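Enquirer: Below is the sequence, then the predicted model.
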Amino acid sequence: MSVAVLLLLGLGLLEAEGRRNRCYFNRTQESCVCYNLSEETAGSIIQCLAATVVEFQGGDLEKYIAFPIRDLDSSAIETLDSLIVQKIIIANVLVPEILLARVLRFFSYTHVQELAFKSCIFQGSGDWSDMDGQTLPIRSLSFHNVTSAPLTGQEQAFSSLSRWMEVLEELNVTSSHVTNLPCAVGRALGALRSLDLAQNSFGDGSLSPTFCQGAFPQLQELSLHHNNLRSYHSVCEGLQLLPQLQHLDLSHNSLVAEPSSSCLWRASLRHLNLSNAGLDNVHNHLHAVDISLSSLKKLFLSQNLLQAVPSIRNYPVLDTLHLDNNSISELPRDELKLLRRLQDVAMADNPFSCSCSGAGGLQALAAGGHLGQDWPNGYRCQSPAQYQGWPVAQVPVSVLRCDPAAVAAPVCVALALLVLLGPRWALWSLS
Ligand SMILES: *[C@@H]1O[C@H](CO)[C@@H](O)[C@H](O)[C@H]1NC(C)=O
Ligand SMILES: *[C@@H]1O[C@H](CO)[C@@H](O)[C@H](O)[C@H]1NC(C)=O
Ligand SMILES: *[C@@H]1O[C@H](CO)[C@@H](O)[C@H](O)[C@H]1NC(C)=O
Ligand SMILES: *[C@@H]1O[C@H](CO)[C@@H](O)[C@H](O)[C@H]1NC(C)=O
Ligand SMILES: *[C@@H]1O[C@H](CO)[C@@H](O)[C@H](O)[C@H]1NC(C)=O
Ligand SMILES: *[C@@H]1O[C@H](CO)[C@@H](O)[C@H](O)[C@H]1NC(C)=O
């Protein structure tokens with residue numbers, strides 16, 4: 001049912017009655033938490049039979065390294081097969097790799113689809129040859145805040161795990177000080193669709209080796225949120241070999257967009273998150289890469305230093321643009337027209353100048369239902385002085401002040417008519 005049961009079955013310990021209750025089942029969540037993984041957890045694990053998520057909190061498996069691990073008999077296999085658990089979380093556990101390497105294959109008798117390690121320490125290195133040619137039902141694998149020996153030089157392990165790696169669909173390695181992944185890992189992960197590498201130490205130079213030729217051929221979603229990326233150009237270049245990439249999250253990096261960059265994003269890219277990425281001149285940059293972004297649907301640029309709305313003229317299918325908390329004061333008329341084509345625009349927390357184009361434009365966007373949930377409260381005027389701090393929604397915008405051209409034309413016509421008809425009208429009214 002879990003690494004614990006697997007371990008304990010393997011170790012022949014399941015028969016041992018636990019003296020204390022260490023597993024707790026939560027019926028509403030169909031989840032179960034077991035504390036302090038050890039042979040004493042075993043008797044209590046029966047509590048978790050109806051759980052779809054089982055979490056193991058704490059424990060040290062070091063003392064089991066030397067235990068002989070038997071093959072399972074048919075009744076044990078049947079038990080594993082009947083379990084409904086789909087997700088296993090292992091948290092705050094010291095995991096000797098040698099042990100993991102020997103019990104991992106028992107997962108093939110279960111229906112576990114997700115395996116997550118949180119705040120674990122992987123110790124030593126294992127002999128993974130028991131996994132040769134073996135596949136597992138696990139499709140999603142996640143490591144958060146873990147420590148392990150470096151992955152480089154572990155080609156033997158990847159080769160033993162390759163049957164399974166080639167069917168994995170989701171991999172998360174977050175908050176673990178990772179600086180790169182060996183090229184061989186990406187090549188082995190042939191079916192991977194989603195890769196989350198948030199909060200690590202990837203730098204501009206680590207992208208090309210990780211996303212090398214032939215690596216991650218099916219990857220659609222990639223998060224590099226909160227890493228050490230600096231050069232917009234190098235990032236774009238470093239991700240060129242991902243043929244299927246659709247969603248890219250580069251938020252919370254310190255990017256500098258070199259205006260002269262000629263790098264074109266892959267045409268497959270649909271969603272680009274550059275929120276809080278440190279950009280101040282993406283405006284120019286996006287002009288330079290317009291053509292390659294013709295399939296872009298969603299662009300997230302919140303929390304940057306942009307002074308103007310980036311031109312979206314050449315994004316024919318864009319439907320979402322987020323620009324919250326930048327330094328935008330004006331909405332130029334031409335852009336306003338384009339923005340009205342989008343479904344979801346967000347521009348809260350910008351220093352709006354409540355001239356006609358500022359307030360009137362935003363009010364028109366809001367009236368069309370384009371602005372999201374932060375309208376009206378998140379939109380305030382910074383200038384002119386008389387409206388400073390006002391909600392943009394409350395600034396009066398009269399047609400006369402906002403659009404002199406629109407008003408002038410009919411007024412001129414009316415005046416002209418008056419001039420022409422005036423004398424006659426005067427005559428008629430006198431007669
Ligand atoms: C089960 O989980 C729900 C939702 O998190 C929580 O409100 C409830 O208190 C939990 N029940 C027990 C018995 O812990
Ligand atoms: C787990 O073990 C630690 C120390 O080994 C102990 O302090 C804690 O009470 C144990 N937790 C449970 C739920 O048994
Ligand atoms: C990360 O994991 C270590 C154990 O390896 C733990 O001591 C630490 O509290 C964890 N940090 C967070 C933020 O969870
Ligand atoms: C992996 O990361 C993705 C995207 O951040 C997230 O949606 C998913 O829930 C994570 N999976 C696991 C098993 O933690
Ligand atoms: C983009 O990144 C920001 C900052 O990390 C986050 O708040 C936001 O939810 C992300 N947007 C999407 C659609 O992923
Ligand atoms: C807006 O962005 C600045 C930095 O660009 C940051 O210091 C501030 O906390 C952000 N404000 C909000 C409301 O997110």
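Expert: Arrived safely, thanks for sending. Residues are numbered from 1 along each chain as shown. Ligands and ions are numbered 1, 2, ... in the order given.
Enquirer: who in this structure is up against ligand 2?
Expert: 22, 35, 36, 58 (CB under 6 Å from any ligand atom). The C-beta positions use only the backbone N, C-alpha and C, and glycine is treated the same way.
Enquirer: Restricted to strands, list these.
Expert: 35, 36, 58 (DSSP state E).
Enquirer: What subset of these is buried?
Expert: Buried members of these, counted by 16 or more other CB atoms under 10 Å: 35, 58.
Enquirer: want to throw the residues of the chain next to ligand 2 into CSV with distance to residue 270?
Expert: Output for the residues of the chain next to ligand 2, formatted as CSV (distance: CB to CB, whole Å):
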residue, distance to residue 270
22, 46
35, 43
36, 45
58, 41
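Enquirer: Can you add pLDDT and give those residues back as CSV?
Expert: Shown next, in CSV, are those (pLDDT from 0 to 100):
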residue, pLDDT
22, 84
35, 88
36, 84
58, 90
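Enquirer: Mind putting the residues you listed into CSV with distance to ligand 5?
Expert: Formatted as CSV, the residues of the chain next to ligand 2 follow (distance: CB to the nearest ligand atom, whole Å):
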residue, distance to ligand 5
22, 37
35, 33
36, 35
58, 30
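Enquirer: ok, which stretches of the stretch 1-150 of the chain are strands?
Expert: If DSSP state E, counting those that start in this stretch is used as the criterion, the strands of the stretch 1-150 of the chain fall at 23-26, 31-37, 53-60, 87-96, 114-118, 121-123, 140-144.
Enquirer: Make TSV from those strands and add distance to residue 68 to it.
Expert: Shown next, in TSV, are those (distance: least, CB to CB, whole Å):
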stretch	distance to residue 68
strand 23-26	26
strand 31-37	19
strand 53-60	19
strand 87-96	15
strand 114-118	24
strand 121-123	20
strand 140-144	27
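Enquirer: Point out the residues in the protein that sit beside ligand 3.
Expert: By CB under 6 Å from any ligand atom, the residues of the chain that approach ligand 3 are 119, 121, 145, 147.
Enquirer: switch to 8 Å and redo it
Expert: Within reach of ligand 3 by CB under 8 Å from any ligand atom, the chain has these residues: 92, 118, 119, 120, 121, 144, 145, 146, 147, 175.
Enquirer: Are any of those residues buried, and if so which?
Expert: 92, 118, 119, 120, 144, 145, 146, 175.
Enquirer: got a list of what the fourth one touches?
Expert: It stands for residue 120. Neighbour list for residue 120: 90, 91, 92, 93, 94, 95, 143, 146, 147 [criterion: CB atoms under 8 Å, 6 or more residues apart in numbering].
Enquirer: For the first one, give its distance to residue 350.
Expert: Residue 90 is 44 Å from residue 350, where distance means CB to CB, to the nearest Å.
Enquirer: next one: residue 219
Expert: Relative to residue 350, and taking CB to CB, residue 219 is found at 34 Å.
Enquirer: ditto for residue 110
Expert: Residue 110 is 52 Å from residue 350, by CB to CB.
Enquirer: again with residue 93
Expert: From residue 93 to residue 350 the distance is 47 Å (CB to CB).
Enquirer: Over to residue 191?
Expert: 42 Å.
Enquirer: Comparing the two, which residue is more hemmed in?
Expert: residue 350 (25 against 15; other CB atoms under 10 Å).
Enquirer: Would you mind naming the residues that bridge with the residue of the chain found nearest ligand 1?
Expert: Nearest residue of the chain to ligand 1: residue 26, at 3.7 Å (CB to the nearest ligand atom). The partner list for residue 26 in beta bridges (DSSP bridges) reads residue 31.
Enquirer: right, and it touches residue 47 too?
Expert: No. Between residue 26 and residue 47 there is no contact under CB atoms under 8 Å: 10.3 Å.
Enquirer: Now for residue 255, how many residues are close by?
Expert: For residue 255, the count of nearby residues is 25 (other CB under 10 Å).
Enquirer: how close does it sit to residue 247?
Expert: Residue 255 sits 17 Å away from residue 247, going by CB to CB.
Enquirer: repeat for residue 237
Expert: 19 Å.
Enquirer: Next, report how far stretch 220-240 is displaced from the centre of its chain.
Expert: The chain centre lies 13 Å from the centre of stretch 220-240; the measure is CA atoms, centre = their mean, to the nearest Å.
Enquirer: That one and ligand 5 in contact?
Expert: Yes. On the criterion CB under 8 Å from any ligand atom, stretch 220-240 is in touch with ligand 5 at 225, 226.
Enquirer: just to revisit the earlier point, quick check: of the residues of the chain next to ligand 2, which lies closest to residue 78?
Expert: Nearest to residue 78 out of the residues of the chain next to ligand 2 is residue 22 (CB to CB; 25.0 Å).
Enquirer: what about the closest one, how many residues close to it?
Expert: By other CB under 10 Å, neighbour count at residue 22 equals 23.
Enquirer: Residue 247 now?
Expert: Around residue 247 there are 17 other residues, counting by other CB under 10 Å.
Enquirer: Quick check: phi and psi on it?
Expert: Main-chain dihedrals, residue 247, degrees, to the nearest 10: phi -120, psi 130.
Enquirer: got a list of what it touches?
Expert: When contacts are counted by CB under 8 Å, 6+ apart, residue 247 is found next to 220, 221, 222, 270, 271, 273.
Enquirer: how about CSV for the residues of the chain next to ligand 3, with pLDDT and distance to residue 186 added?
Expert: CSV is the format used below for those (pLDDT from 0 to 100; distance: CB to CB, whole Å):
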residue, pLDDT, distance to residue 186
92, 94, 29
118, 97, 24
119, 96, 26
120, 94, 23
121, 92, 25
144, 97, 20
145, 97, 22
146, 95, 19
147, 92, 22
175, 97, 20
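Enquirer: Just give me the closest of those to residue 169.
Expert: For these, the nearest to residue 169 is residue 144 (17.9 Å; CB to CB).
Enquirer: isn't the closest one right next to residue 92, touching?
Expert: No. Applying CB under 8 Å as the test, residue 144 and residue 92 come out as separate, 11.4 Å apart.
Enquirer: mind listing what the helix or strand where residue 222 lies pairs with, with the direction of each?
Expert: Element membership for residue 222 (DSSP states H and E) is strand 221-223. As defined by DSSP bridges, the strand partners of strand 221-223 come to strand 194-196 (parallel), strand 247-249 (parallel).
Enquirer: Name the residues that touch the first one?
Expert: Applying CB under 8 Å, 6+ apart, the set of residues contacting strand 194-196 from outside is 142, 169-174, 216, 219-223.
Enquirer: Verify the stated contact: residue 53 with residue 84.
Expert: No. If you go by CB under 8 Å, residue 53 and residue 84 don't touch, sitting 10.3 Å apart.
Enquirer: and these two? which has more neighbours close in?
Expert: Taking other CB under 10 Å, residue 53 and residue 84 do not tie; residue 53 has more neighbours (18 against 12).
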